[in-house]
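K.L.:
My questions are about this predicted structure, shown below with the sequence.
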Amino acid sequence: MAQVTSILRIRQNALSNKRAVPVFVVSLDALGTLYQFREPVSVQYLNCARQCGLKTRISPQDLEKSFRTTYTRYTQTYPNYGKGKLEGPREWWAALINDTFVDATGSRVLPSHLGSGLYTHFSSATAYKPYVDSLSFIKSMRALREQYSDPEGPLVCVGVVTNSDPRVRSVLESMGFQVGLSEYAGREKATLTKTDEGLPLIPPNLQPTSYDPDNDFDFLATSYDAASEKPDGGIWTYAKDLVGTIPPARATRALNILREPREYSMSDSMGQLVRQPLEARLDLARVEAERDRISAGQIRWVHIGDELKKDYLGAQNFGFEALHLRRQGEGGEGAYDPAGASGVHTISNLNEAAMVVNAMARSHFKANSAAGATNA
């Protein structure tokens, strides 16, 4: 009974006034931030190649050198995994893998399924493993989001923004993470279906299933899907568009009970009997047609990543806040000279990030609550 009453309240509010909810977003890079390679890339390449039937002897060092050279050439010739130039990322990786082994072995006779085998290998947790603090960070974010679970209230979103192809979803899911939205089709691309009464229905990409409070990541923005790579602004715009769909999707999700083919023996606030199944679906369509009445309000966004230029500066230049992750004892691409990074907000692990994020979110919602009271 209480659930139905809450749903009717949401329906009445959504139809009677525009509700812009304050949103706090925390996004993370993927490789080097959330997860790492189980073994060096060259070692995994060699192991897979031998399993595929490669007989030529080659050292991991030579293969590593060949891979780096070939990778640099391909990213310059076919940037962003061949987006717009090749059929898809699978073709990009297959060509890169072939050229890497040809260069390293000096032979053009390679196992026919080498490319597909490696592509599949690097599509799951077989090749990667999450950092331990990634798990505790997600646990902390889940607790934070549970504090702001009102379908019409402040919203905490957690997502991934990464320069990668769409396999990131399968990698994360194979690690046990639940992932939400990973593609966005703008209103101009959406094909609206209509009821017999001519009422527009919500496009598939904005269905309530696009938001699930049980997801570990509410959205996933890859450079391939966005057709833009960090630090460029296009990928941040793409991610922001994804987030913009979540507040109305969250509110609509709360109306799912109206889809159930059963009758209710209660009256709504207008004193009318709750509609029968067919009428209930039409009623839901009306609410969905008004979904934009519940929209994203003031957004505060912080991005966490291990690369100074792509993650930290890329987010800041777009107008977001950022935390630079530099794990203790680790070098690599994310490393930088602290003496030359004056003013950079640096953290050494995601447990530190969780504390900062919790404080930022509460501050954001408190400020918006005070502003709302002032404007009332």
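P.N.:
Structure received.

K.L.:
Which helix or strand in this protein has the lowest average pLDDT?
P.N.:
helix 277-289 (a mean of 49; mean pLDDT, DSSP states H and E).

K.L.:
can you list the domains in the protein?
P.N.:
With domains defined by automatic domain parsing, the chain comprises 2-35+130-375, 40-126.

K.L.:
Turn these into CSV, including mean neighbour count.
P.N.:
(Each C-beta comes from the backbone N, C-alpha and C, glycine too.) Formatted as CSV, the domains of the chain follow (neighbours: other CB atoms under 10 Å):
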stretch, mean neighbour count
domain 2-35+130-375, 18
domain 40-126, 16
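
K.L.:
rank the ones you listed by mean pLDDT and give me the bottom one.
P.N.:
Sorting these by mean pLDDT places domain 2-35+130-375 lowest, at a mean of 76.

K.L.:
element containing the residue nearest the centre of the chain, please.
P.N.:
What sits nearest the mean C-alpha location of the chain, by CA atoms, centre = their mean, is Leu220, with 1.7 Å. Of the helices and strands defined by DSSP states H and E, Leu220 is found in strand 217-222.

K.L.:
Now for Arg250: which residues touch it?
P.N.:
Counting by CB atoms under 8 Å, 6 or more residues apart in numbering, Arg250 touches 151, 155, 211, 213.

K.L.:
ugh, wrong one, Ser42
P.N.:
Here Ser42 is in contact with 60-61, 63-64, 67 (CB under 8 Å, 6+ apart).

K.L.:
ok so, going back, show me what the following helix or strand past the strand holding Leu220 is in contact with.
P.N.:
Note on strand 217-222: by DSSP H and E, the next helix or strand toward the C-terminus is helix 223-226. With contacts defined as CB under 8 Å, 6+ apart, helix 223-226 is touched by 80-81, 83, 89, 162-166, 182-183, 229-230, 234-235, 237-239.

K.L.:
cool, and stretch 143-157?
P.N.:
Contacts for stretch 143-157 (CB under 8 Å, 6+ apart): 10, 13, 19, 21-26, 141, 158, 213, 218-219, 243, 246-247, 250-251, 253-254, 294, 296, 357-358, 361, 365, 368.

K.L.:
Which residue is the nearest non-sequential neighbour of Ala354?
P.N.:
Ser140 (4.0 Å; CB to CB, 6 or more residues apart in numbering).

K.L.:
ok so the one you found is a strand residue?
P.N.:
No - Ser140: not assigned to a strand; according to DSSP: H, G, I helix; E, B strand; the rest coil it is helix.

K.L.:
residues contacting it?
P.N.:
354, 357-358.

K.L.:
As TSV, these with secondary structure and distance to Ala95 would be great.
P.N.:
Formatted as TSV, the contacts of Ser140 follow (DSSP: H, G, I helix; E, B strand; the rest coil; distance: CB to CB, whole Å):
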residue	secondary structure	distance to Ala95
Ala354	helix	40
Val357	helix	40
Asn358	helix	45
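
K.L.:
Out of these, which is nearest to Glu321?
P.N.:
Nearest to Glu321 among the contacts of Ser140: Val357, at 10.1 Å, using CB to CB.

K.L.:
Let me see the contact set for the closest one.
P.N.:
26, 140-141, 144, 302.

K.L.:
quick one: it from Val43, how far?
P.N.:
Distance, Val357 to Val43, using CB to CB, to the nearest Å: 35 Å.

K.L.:
where do the strands sit along this protein?
P.N.:
Here the chain has its strands, by DSSP state E, at 19-28, 35-37, 128-130, 155-162, 179-181, 217-222, 294-305, 321-325, 346-347.

K.L.:
got CSV for those strands, with distance to His113 too?
P.N.:
Formatted as CSV, the strands of the chain follow (distance: least, CB to CB, whole Å):
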stretch, distance to His113
strand 19-28, 34
strand 35-37, 22
strand 128-130, 22
strand 155-162, 27
strand 179-181, 28
strand 217-222, 25
strand 294-305, 34
strand 321-325, 37
strand 346-347, 42
